[in-house]
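Q: Predicted model, plus sequence, below.
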Amino acid sequence: MKYLVLAYYSEEKFGALSKSEVEKLVSACPAYDQALQDSGHVIMGESLDEPSASTVVRPRNGKSTVSDGPYMETKEQLGAFFVIDARDLNEAIQVASKHPAANLGEEAGWGLEIRRITSNE
């Protein structure tokens, strides 16, 4: 089964960190990213641009409209995602727990959301 793992963070908390705190946090991430790759479960994964750089397309009055993002006003913002292949949710949790958002940056409000990808087949 495939699972989408969404990595969220608090833009407010992350923005309040000093430059040295951000550098320390970011410098610790490659080891976690490598563990994800080494697990053999990761299909793909990427970081995302900041929410203010997003574009939103939605239906309005029967037509598509385009506006600046973010899509929703929330306290936590989507910062990265990855797709993994796992036997079940327990294995997906085990793999996802190697992501930096599950181990570092509590002060930045990081956290993960795991969702099974369903197929229309």
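A: Great, that's in hand. Numbering: from 1, shown residues only.
Q: Any idea how far stretch 95-114 is from the middle of the chain?
A: 9 Å (C-alpha atoms, centre = their mean, to the nearest Å).
Q: Over to that stretch now: how far is its first residue from its last?
A: Counting by C-alpha to C-alpha, to the nearest Å, you get 11 Å between the two ends of stretch 95-114.
Q: pLDDT averaged over it - what is it?
A: Mean pLDDT, stretch 95-114: 85.
Q: How about stretch 112-119, which residues are buried there?
A: Leu112, Ile114 (16 or more other C-beta atoms under 10 Å). (C-beta placed from N, C-alpha, C; glycine too.)
Q: same question but for stretch 4-21, I mixed them up
A: Buried-residue list, stretch 4-21, by 16+ other C-beta under 10 Å: Val5, Leu6, Ala7, Tyr8, Tyr9, Ser10, Glu11, Lys13, Phe14.
Q: So what's the model's average confidence on that stretch?
A: 90.
Q: Then stretch 78-86?
A: 91.
Q: And the longest helix belonging to the chain, what does it pack against?
A: In the chain, ranked by residue count with DSSP state H as the criterion, the top helix is helix 19-38. For helix 19-38, the packing partners by 3 or more C-beta pairs under 8 Å, 6 or more residues apart in numbering; DSSP states H and E come out as strand 42-47.
Q: now the longest helix of the chain and strand 42-47, what's the angle there?
A: Computed with axes from the mean of the first three to the mean of the last three C-alpha atoms, to 10 degrees, the direction of helix 19-38 lies at 160 degrees from that of strand 42-47.
Q: All set, thanks.
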